[in-house]
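In: build me a structure from this.
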Amino acid sequence: MFDWVIAFQSLLALFLMAFLTWIVSLVKRDVSIVDSVWSVFFLASMLVYYFNASVNGPRSTLAMMLVGMWSLRLCAYLTRRNWGQPEDRRYQAIRRTNEPHFTIKSLAIIFLFQAVLAWVISLPILPVLKSSQTLGLLDVLGMVLFLFGLVFESLADLQMSRFKALPDSKGQVMDGGLWRYSRHPNYFGEFCVWWGFYFIALSADTSPWLLFSPLLMSFLLIKISGVPLLEKDLVDRRLGYREYQKRTNCFFPGLPK
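Out: Have a look, this model is predicted:
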């Protein structure tokens, strides 16, 4: 049976993190710092679950390792990428459309909203950490898919960072490496990460509602906050992006057309 008491303790912890991050954003006048905290929400949830779970078996060790690596890697990458930069254009647009009093509104529409999303997506972590069963085939499948996604998105981020560091890259389209086969290989890697974790959760608990977590993450990546927002921004800023769209798969990797 799912332990909602522990789950709501996790939600309260995320709300506290969101509030403190909001305070920092007021000082910096930059709400895009929430991007760095996004993956840490999951790590915080996992720690709450871990210290409250009555059983910590081999599956919980696997989950701690995988989610910890993913969370710290993504946090470090986004923090390094955004350090010293102005507020992200996406958040600037949100700021403009929510004035006046955006500083107050941002607590709800940016920070608490993302905390709730992270909480919902991270719910399958709890049954995994409470499981005392030995690892099985689904765990192996999930681990392989999770690690594949983690390596895939890490490599995509590294390739993009190196491209942006080139002196003549401004206004140009990155279409090499993994970006030759997908316009958003980092998001595809993220997609694989959470479907991989779903298989691990399914090995611990067959409750149908667990499927909601990877479906929600997939929907966010493909239809809401991932691909659509970035595509619109890149079309406006990079002259060759429309041609890149014509020859390159949007999300799932494939050979160029």
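In: skipping adjacent residues, who's closest to Gly142 in space?
Out: Phe199 (3.2 Å; CB to CB, 6 or more residues apart in numbering). The C-beta positions use only the backbone N, C-alpha and C, and glycine is treated the same way.
In: surely that neighbour touches Leu135?
Out: No: Phe199 is beyond contact range of Leu135, at 11.6 Å (criterion: CB atoms under 8 Å).
In: output the below-cut-off pLDDT ranges for the protein.
Out: Low-confidence segments of the chain (pLDDT under 70): 1, 54-55.
In: cutoff 80 now
Out: Residues of the chain meeting the criterion pLDDT under 80: 1-2, 53-56, 233, 236.
In: how does the protein divide into domains?
Out: If you go by automatic domain parsing, the domain ranges for the chain are 1-133, 135-257.
In: tabulate those domains (TSV), appending mean neighbour count.
Out: As requested, the domains of the chain are exported to TSV (neighbours: other CB atoms under 10 Å):
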stretch	mean neighbour count
domain 1-133	17
domain 135-257	17
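In: show me the contacts for the residue nearest to Gly142.
Out: Contacts for Phe199 (CB atoms under 8 Å, 6 or more residues apart in numbering) come out as Leu138, Asp139, Leu141, Gly142, Leu145.
In: for the residue nearest to the last one when sequence neighbours are not counted, helix, strand, or coil?
Out: Which is Leu145. Once flanking residues are discounted, Leu145 sits nearest to Gly196: 3.3 Å by CB to CB, 6+ apart. State at Gly196, reduced to three classes by DSSP: H, G, I helix; E, B strand; the rest coil: helix.
In: show me what contacts Gly196?
Out: Leu66, Leu141, Gly142, Met143, Val144, Leu145, Phe146, Leu147, Phe148, Gly149.
In: what segments of the protein are helices?
Out: In the chain, the helices defined using DSSP state H lie at 4-28, 34-52, 58-82, 89-97, 102-106, 113-122, 125-129, 137-165, 185-204, 212-219, 227-237, 241-247.
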